Every structure is written in structure tokens, then in C-alpha cells.
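**Q** Mind looking at a prediction? Sequence and model below.
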Amino acid sequence: QVRLVESGGGSVQAGDSLRLSCVTSGISLSTTYMAWFRQAPGKEREFVAAISPSDVYIDYAASVKDRFTISKNNGKNTVYLQMNSLKPEDTAVYYCNVRFLGVDYWGQGTQVTVSA
């Protein structure tokens, strides 16, 4: 059974940093693409970042490139999202995502609130 559990969100001021974690079970990070998405109030869920099984392929949304870093620790079954220079427009619920055997799995999300 695939399970994703996010943590690390919080309320911060503009310019601060946060690191989100996503602990996974039921999958192997060495063979699976992982991604982070976010959803702001009243908006659709949007892509933030993705990382390939070998860590060779990494992609970011234009809005977070050069500020956010996705990484993972295969041994700890954990995916991270380091968020620096946070802006009020980064306020959203952040979700960890994996597509496994054709099915999309999501965690419960972690709230990030950035005040000006």
C-alpha cells in the first residue's frame, strides 16, 4: 500500500526558509519519479518540482526555480523540498505526489503560509 506523509509546513515571513519532508512507504524511491505540487486558496493544484529515480532529471516550475530545491534520501524513503526566499505568493498547501502503476497518490498536504 502506497502512503505519503508530508510535514514541515508552517507560518513564516517573506524571505524566510522552510524544508518540507515527505515520508513514503509502499514504493522505492530508487525506481520512482517523485513530485511536489501546491494548491493555493481558490486556485487549482499546480506543479512545483519533480525528481527522477536516479536524481539525474530534476525540474522546477518557473515561479520557484532558483529558490526551491527538491532532493531525496532513498535509504530513508523521504523526499524533501527546501524552500528559500519565500514569498507571500508561495502560500499554499503543499502535496507530495507519486504515480505508481498508473495511479496518482497524494499525501494529506502541509500548509505553508508566508506573510509580507
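**A** Okay, I see it.

**Q** Flag every buried residue along stretch 25-38.
**A** Across stretch 25-38, burial judged by 16 or more other CB atoms under 10 Å covers Ile27, Leu29, Thr32, Met34, Ala35, Trp36, Phe37, Arg38. (Glycine included, C-beta is placed from N, CA and C.)

**Q** Can you read off the pLDDT for the last one?
**A** By that I understand Arg38. Looking at Arg38, its pLDDT is 98.

**Q** Then it would be within a strand, right?
**A** Yes - per DSSP: H, G, I helix; E, B strand; the rest coil, Arg38 lies within a strand segment.

**Q** pretty sure it is in contact with Val48, am I right?
**A** Yes - the pair Arg38 and Val48 passes the contact test of CB atoms under 8 Å, sitting 5.3 Å apart.

**Q** Quick check: neighbours shared by those two?
**A** Jointly contacting Arg38 and Val48 under the rule CB atoms under 8 Å, 6 or more residues apart in numbering are Tyr94.

**Q** any chance of the buried residues of stretch 25-38 in TSV, plus distance to Tyr60?
**A** Below are those laid out as TSV (distance: CB to CB, whole Å):
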residue	distance to Tyr60
Ile27	22
Leu29	19
Thr32	19
Met34	13
Ala35	11
Trp36	10
Phe37	12
Arg38	12
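
**Q** wait, which of those is closest to Ala92?
**A** Using CB to CB, Arg38 is the member of the buried residues of stretch 25-38 that sits closest to Ala92, with 3.9 Å.
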